[in-house]
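Engineer: Provided below are the primary sequence and the corresponding predicted coordinates.
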Amino acid sequence: MAAFTTDNAFSGFSVDDIDAAKEFYGTTLGLDVEVNAMGFLDLKLPRGGSILVYAKPNHTPASFTILNFPVADVDAAVDELNDRGVQTKIYSDDEFPSDSRGIVRGNGQGPDIAWFRDPAGNVLAVMQA
């Protein structure tokens, strides 16, 4: 196919409050956030990708992980997130047994990971790279 290309593909997700999302993704998480011509947010990723964040009046939070952040030290990353007011223990131990900070240890079966939510309730994760 010549007309359909994947060169500039991007992902997107909805939120219920665009201003709260801008503050969270820009200030709390430290992403480069731009407001585009439609009033949506473009999250600019360090390696060149982008994610569209748009307000939706009947927004329902994603029940799955919408964005993963691989890090060199998941324990230190969780401590930093907690220091910024981000709660990383969002699941009960019945759902995902974790330590007191919400870190689920992969124990060779996968990465150590901790989930957290944005202000709209969408699930994000920080994981050992």
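Structural biologist: It's in.
Engineer: how close does residue 92 sit to residue 8?
Structural biologist: Computed with C-beta to C-beta, to the nearest Å, the distance linking residue 92 and residue 8 is 40 Å. C-beta coordinates here come from the backbone N, C-alpha and C atoms, glycine included.
Engineer: now residue 102
Structural biologist: When distance is defined by C-beta to C-beta, residue 102 is 35 Å away from residue 8.
Engineer: Neighbour count for these two, which is higher?
Structural biologist: Here residue 102 and residue 8 are compared on neighbour count by other C-beta atoms under 10 Å; more neighbours surround residue 102, at 21 against 7.
Engineer: residue contacts, that one?
Structural biologist: Under the criterion of C-beta atoms under 8 Å, 6 or more residues apart in numbering, the contact list for residue 102 reads 78, 87-91, 114-116.
Engineer: List only buried entries from those residues.
Structural biologist: 78, 88-90, 114-116 (16 or more other C-beta atoms under 10 Å).
Engineer: okay, among the residues you listed, which ones form the most distant pair?
Structural biologist: Using C-beta to C-beta, the buried ones among the contacts of residue 102 span at most 12.0 Å, a distance reached by 78 and 90.
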